[in-house]
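Colleague: turn this into a structure:
(one chain, ligands or ions: 1)
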Amino acid sequence: MKKRTFLSLSASLALGLAMSVSTASISVAQTTLRIFTGGQQRPDVMRKIADDYEKRTPGVKIEVEVGGATSEQQQQYLNTVLASKDSALDVILIDVIRPAQWAAAQWAEPLDAFLGADKDKIMARYLPAYREANIVGGKVIALPYFADAQFLYYRKDLLEKHGVQPPKTWAELQAGAEKVMKAEGNPNLSGFQTAGAPIEGTVCTYLVPMWGAGGALTNAQGQLALNTAEARRPFQLWADMKAANVTPPNLAEIPTDRIRQNFQAGNLLFAMNWGYVWQRTQNDADSQIKDKVGVVPLPGFTADKAATCIGGWQLAISAFSKNKKAAFDFAMYLSSPEVAKAQAIAASHLPVFPEVYTDPDVLKANPWFAQALPVVQTARSRPVSPAYPRVSEVIRTNMNAFLAGAKTADAALADMTRDLSQVIR
Ligand code: GLC
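Modeller: Predicted structure coming up:
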């Protein structure tokens, strides 16, 4: 619950008389803002940034609420909070896939009036993909907090030891993994993992190889078009990796952050994962692989044709907040180059401002950011639609059922086509 103390001058004078000098300072009017973030988005780093903001903004206190570990779990909770018009949350971190849905549901306060005459100038500072993702029907629905894309993480030490180059194609990845696994003879060492559990990340486990094969969910007219060879490629790719024992038998149970944990424990050679993984592997006390990690763009079916999903997190102001102006001011601070730099250094969160990628301190903490900007700039969007939650559910549950061996590729694709045709026409 929020604690807010608004004291009139006379009341605070009266209180000041009644209280000792040390407690009289509570007479400063206080606003408490509550920000909601996911567990994977480094709430500890958010807390430090919020501490700095409190120091420079007398009268404002920030509470950080940490939600579920995955994007769709967080949204499920937020559905309940927002459907009941609950004012408990002021600033909410939302995944890049959500602004269209949030605009349609009117959960986010449009920020245009707060941005005022400087709106275009402010929005022009962001990477175009994030500017565009956050403007829906001409209105600014949220402000970009950090960018994201999927990369290939690999064990530099093991590849060097066995004379394997970082792969540029899926075939090279599979061959390299087979070679290292055989030579190492370590039953705990898994070759490759991507998200396979029925979570948001598994949408990209389908889309990345489909895009990489030159496919798309829709044709030039925007109609669903899954009756293509490219739409089948992801099923074949993951079936081949499973048959070669490069992916583990339980891939269908693995969510995003488990991949990070397996990698960090020293039990994984190649991981398809998002930007946050790097700093965890370098700084977590339990990491077994500090200084043993390389990061490159994801492979493709051919070296010149790879794809990746665009990700990232935005700052929405709840339409039901009782402190919208104060919430906006805090969101503007969070969405600044200064905070982008701090986040990049502490959490390897990719910046939404192009110039922060070349900052020497940022590059020192994340040497691979030197190659990351073009990856973010060419990363592709999951379908932009107010019905995205349903689109996501159909893709991830079918991909998961295939990986679990519960559906054949034909059945998964047929079910995807049937159910997606209800929402993408
Ligand atoms: C990362 C991305 C986000 C994506 C999620 C899926 O957090 O930034 O966009 O949806 O992973 O696991």
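Colleague: residues near the residue of the stretch 301-425 of the chain at minimum distance from the ligand, how many?
Modeller: At 2.8 Å from the ligand, Gly311 is the closest residue in the stretch 301-425 of the chain, using CB to the nearest ligand atom. Bear in mind the C-beta positions are built from the backbone N, C-alpha and C, glycine included. Residues within reach of Gly311, counting by other CB atoms under 10 Å, total 25.
Colleague: ok, what's across the strand from it?
Modeller: Beta bridges link Gly311 to Asp148 when assigned by DSSP bridges.
Colleague: list the contacts of it.
Modeller: Applying CB atoms under 8 Å, 6 or more residues apart in numbering, one finds that Gly311 lies in contact with 95-96, 147-150, 274, 379.
Colleague: want to throw these into CSV with neighbour count?
Modeller: Output for the contacts of Gly311, formatted as CSV (neighbours: other CB atoms under 10 Å):
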residue, neighbour count
Asp95, 23
Val96, 26
Ala147, 30
Asp148, 22
Ala149, 23
Gln150, 27
Trp274, 26
Ala379, 24
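Colleague: and the pLDDT for the residue of the stretch 301-425 of the chain closest to the ligand?
Modeller: We have a pLDDT of 98 for Gly311.
Colleague: with the one 5 residues further on instead?
Modeller: Ala316 is assigned a pLDDT of 98 by the prediction.
Colleague: surely it is in a helix?
Modeller: No. Judged by DSSP: H, G, I helix; E, B strand; the rest coil, Ala316 forms no part of a helix; its state is strand.
Colleague: how many neighbours does it have?
Modeller: The tally of other residues near Ala316 (other CB under 10 Å) stands at 29.
Colleague: quick one: contacts for the residue in the stretch 51-200 of the chain positioned nearest to the ligand?
Modeller: Relative to the ligand, the nearest point of the stretch 51-200 of the chain is Asp148 (3.4 Å; CB to the nearest ligand atom). Asp148 makes contact with 96, 274-276, 310-313, 349-350, 376, according to CB under 8 Å, 6+ apart.
Colleague: of the residues you listed, closest to Ala175?
Modeller: Trp274 (25.4 Å; CB to CB).
Colleague: not counting its neighbours along the chain, what's nearest that closest one?
Modeller: Sequence neighbours aside, Asp148 is the residue nearest to Trp274 in space, at 5.1 Å (criterion: CB to CB, 6 or more residues apart in numbering).
Colleague: what distance separates stretch 128-146 from the centre of its chain?
Modeller: Its chain's average C-alpha position is 15 Å from that of stretch 128-146, according to CA atoms, centre = their mean, to the nearest Å.
Colleague: hang on, Gln101 in a helix?
Modeller: Yes. Under three-state DSSP, Gln101 falls within a helix.
Colleague: interface residues of the stretch 201-350 of the chain facing the ligand?
Modeller: 201, 256, 274, 311-312 (CB under 6 Å from any ligand atom).
Colleague: separation between Glu63 and Ile49?
Modeller: 14 Å (CB to CB, to the nearest Å).
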